[in-house]
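Engineer: My questions are about this predicted structure, shown below with the sequence.
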Amino acid sequence: MEHPAPPHRSSSSTLRVLVAEPDAAARRVYVEALRPLGCDAIEVADGREALVEALVRRPSVIVIESRLPLVNGPALCEILRRDSLTSTVPIVAMAPDGGAADVERVRRAGATSVLVKPVAADTLAQEVRRLCELGTVVHPFITSVPIETSIPASRKRIANSKAHMRCTTTNPPELPPALRCPSCDGPLMYERSHLGGVNDRQPEQWDDYLCPACGTFEYRHRTRRLRELMPR
């Protein structure tokens, strides 16, 4: 196997990669693949350990398995994105093959990139190297999605116009209401708002909330309804 060349960095800096993978054998393979990059690998087996190490050690890149025990991948991404110490750290999420819901959840939660398992060790190493060279991350949920060249030009124009109308913000025109979790009655934590609509005359706003115990929720201002998005 041809190993990727180490990313360029100053001699005073240390490339630190946090690998959160519940399977010990797979975790060992990933760590060995990252060794040629000259990085200091931090190994953890669950989401709770990953959160502690991420906040204390401040890694250059975080690699997580979407179905981590204790704190799962999507929940971990959300917490890391809210903390100022880790909000811009690139996150590579690994989702199981066929787990389309897992892929969408970690993307919405703030993963920089998602790899579908089984993930070859050299593929992971290449992705870590690429993200190290890019530096800090722009959150995927506020970036535009590339439109495939195979889509007809007319559909591209429609898609582009809709994408232009949509945005994500933490300073929305309508104040997000104070809400409580319908399951545990605990206060919901406001995260961000999405703005969009069919046209300028029918604007829409929907807000994302988090309950640390129960999961994530979405509140739509037009219907005044709260719905669960991702249960814990």
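Structural biologist: Ah, there it is. Just so we're clear, the structure is a prediction, and the values are computed from it rather than from any experiment.

Engineer: Toward the C-terminus, what is the element adjacent to the lowest-mean-pLDDT helix or strand in the chain?
Structural biologist: Lowest by mean pLDDT, DSSP states H and E among the helices and strands of the chain is helix 153-165, with a mean of 40. The helix or strand immediately downstream of helix 153-165 is strand 167-169, counting by DSSP states H and E.

Engineer: ok, and what's touching whatever helix or strand comes next after that next one?
Structural biologist: Downstream of strand 167-169, the next assigned helix or strand under DSSP H and E is strand 189-197. Residues from elsewhere that reach strand 189-197 (Cβ atoms under 8 Å, 6 or more residues apart in numbering): 78, 82, 141, 162, 165-170, 172-173, 176, 203-212, 216. Every residue, glycine included, has its C-beta placed from N, CA and C.

Engineer: quick one: strands adjacent to strand 189-197?
Structural biologist: Using DSSP bridges, strand 189-197 pairs in its sheet with strand 167-169 (antiparallel), strand 203-211 (antiparallel).

Engineer: list the contacts for the closest residue to residue 121 other than its chain neighbours?
Structural biologist: Of all residues not flanking residue 121 in the chain, residue 33 sits nearest, at 3.5 Å (Cβ to Cβ, 6 or more residues apart in numbering). By Cβ under 8 Å, 6+ apart, residue 33 lies in contact with 3, 121-122, 124-125.

Engineer: still on that earlier bit, just send the strands paired with strand 189-197 back as a markdown table, with mean pLDDT and mean neighbour count too.
Structural biologist: Below are the strands paired with strand 189-197 laid out as a markdown table (pLDDT from 0 to 100; neighbours: other Cβ atoms under 10 Å):
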| stretch | mean pLDDT | mean neighbour count |
| --- | --- | --- |
| strand 167-169 | 72 | 13 |
| strand 203-211 | 86 | 20 |
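
Engineer: Make CSV out of these and add distance to residue 70.
Structural biologist: Formatted as CSV, the strands paired with strand 189-197 follow (distance: least, Cβ to Cβ, whole Å):
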stretch, distance to residue 70
strand 167-169, 28
strand 203-211, 16
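
Engineer: where does this structure dip in pLDDT?
Structural biologist: Along the chain, segments meeting pLDDT under 70 span 1-14, 98-99, 134-166, 197-202, 232.

Engineer: And for residue 26, the neighbour number?
Structural biologist: 17 (other Cβ atoms under 10 Å).

Engineer: just residue 194 next, same as before
Structural biologist: As a burial measure, residue 194 scores 18 neighbours (other Cβ under 10 Å).

Engineer: Same check on residue 47?
Structural biologist: 24.

Engineer: Please give the element, helix or strand, for the nearest residue to it once chain neighbours are set aside.
Structural biologist: Leaving aside its sequence neighbours, residue 47 sits nearest to residue 71 (Cβ to Cβ, 6+ apart; 2.9 Å). Assigned by DSSP H and E, residue 71 belongs to neither a helix nor a strand.
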